[in-house]
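Peer 1: structure for this input, please:
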Amino acid sequence: MRLLLLADTHVPRRAKDLPPRVWEQVDRADVVVHAGDWVDVRLHDALELRCQRLLACWGNNDDPELRARLPEVARATIEGVRLAVVHETGSSAGREQRAAAAYPDVDLLIFGHSHIPWDTVTPSGLRLLNPGSPTDRRRQPVCTYMTVELRDARVGDVQLLPAS
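Peer 2: You can find the predicted model right below:
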């Protein structure tokens, strides 16, 4: 099972659209996961039409229409892996401990907000992933997204990739 992880797309404020490379990944993914800050409902509509399955939450920059459509925390079990998707997890200091306490029944927590890629595992085994942003690199050298392979109830290969 191939997941595409996105967050902080900020379309159309930071970019008019997702980069072509990201749209190619949408077409290849079994599940597209978006960790909020869409900004406009049109990207949500476009992803829903184009992807096989969408798992998503709203972010702090999302309007009332997106908040009405999406949960603050999205959850699913995919290939035996229990996932949660949330926009914000607070500061990086103490993140693993807070996440493990807040999501004790989750194997993989996907989050956004910082635009800074993140990949760690808590002592309890919770994997935390932030794909960065495919449209607004902030203090990062490039815009990014992630792909994740799930198989046999485990998180397999995780790749952080440049968006363009």
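Peer 1: give the contact list for the residue of the chain positioned farthest from its centre.
Peer 2: Here the chain has its C-alpha centre computed as a mean, and the residue farthest from that point, by CA atoms, centre = their mean, is P123 with 22.0 Å. Going by CB atoms under 8 Å, 6 or more residues apart in numbering, P123 touches 96, 100. Any C-beta I mention is one placed from the backbone N, CA and C, and that applies to glycine too.
Peer 1: how does it look with 7 Å?
Peer 2: When contacts are counted by CB atoms under 7 Å, 6 or more residues apart in numbering, P123 is found next to no other residue.
Peer 1: let's verify it: helix, strand, or coil?
Peer 2: Secondary structure of P123, reduced to three states by DSSP: H, G, I helix; E, B strand; the rest coil: coil.
Peer 1: listing partners with orientation, what would you give for whichever helix or strand V33 is part of?
Peer 2: Using DSSP states H and E, V33 falls within strand 31-34. Based on DSSP bridges, the pairing partners of strand 31-34 within the sheet are strand 2-6 (parallel), strand 54-56 (parallel).
Peer 1: for the chain, what spans make up the helices?
Peer 2: Listed from the start of the chain, the chain has helices (DSSP state H) covering 20-28, 41-50, 64-69, 95-102.
Peer 1: L160 is nearest to which of those?
Peer 2: helix 20-28 (12.6 Å; CB to CB).
Peer 1: dump the strands paired with strand 31-34 to CSV, plus distance to Y145 and mean pLDDT.
Peer 2: Shown next, in CSV, are these (distance: least, CB to CB, whole Å; pLDDT from 0 to 100):
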stretch, distance to Y145, mean pLDDT
strand 2-6, 6, 98
strand 54-56, 14, 98
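Peer 1: of those, flag the one that's most buried.
Peer 2: Among these, strand 2-6 has the highest mean neighbour count (mean count of other CB atoms under 10 Å), at a mean of 25.
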